[in-house]
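*Asks:* the following block contains a protein sequence and its predicted model.
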Amino acid sequence: MPSQNWKTFLHTHVGQMISIDFFTVPAIMMKVLFVFFVLEHRRRKVLHSNITEHPTAAWTAQQIVEVFAD
């Protein structure tokens, strides 16, 4: 059986794929805010986002729980 190429794999599984990322935003008063962002690939829809000044492992875990609560 020939192996499928990467493009075929992505097309087949796009409905089950999400991206999760952190990025920073400089804010007024010399603060740095951390943005947590979850994107669903199939519909290019933002599933969840949140902002904090002090991300912790517990805070990050809670964000993931909120995304996949269903």
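*Replies:* Done, it's in.
*Asks:* give me the contacts around the helix-or-strand element of the chain with minimal mean pLDDT.
*Replies:* Within the chain, no helix or strand scores below helix 6-13, which has a mean of 83 by mean pLDDT, DSSP states H and E. With contacts defined as Cβ atoms under 8 Å, 6 or more residues apart in numbering, helix 6-13 is touched by 4, 17. For the C-beta atoms, the positions are set from N, CA and C on the backbone; glycine is no exception.
*Asks:* now do the same contact list for Arg42.
*Replies:* Under the criterion of Cβ under 8 Å, 6+ apart, the contact list for Arg42 reads 14-15, 17.
*Asks:* who does the nearest residue to His54 once chain neighbours are set aside bridge with?
*Replies:* Excluding its sequence neighbours, the residue lying closest to His54 (Cβ to Cβ, 6 or more residues apart in numbering) is Phe34, at 7.9 Å. In this entry, Phe34 is beta-bridged to Thr24, Thr52, by DSSP bridges.
*Asks:* how many residues are close by Phe34?
*Replies:* Neighbours of Phe34 under the rule other Cβ atoms under 10 Å: 16.
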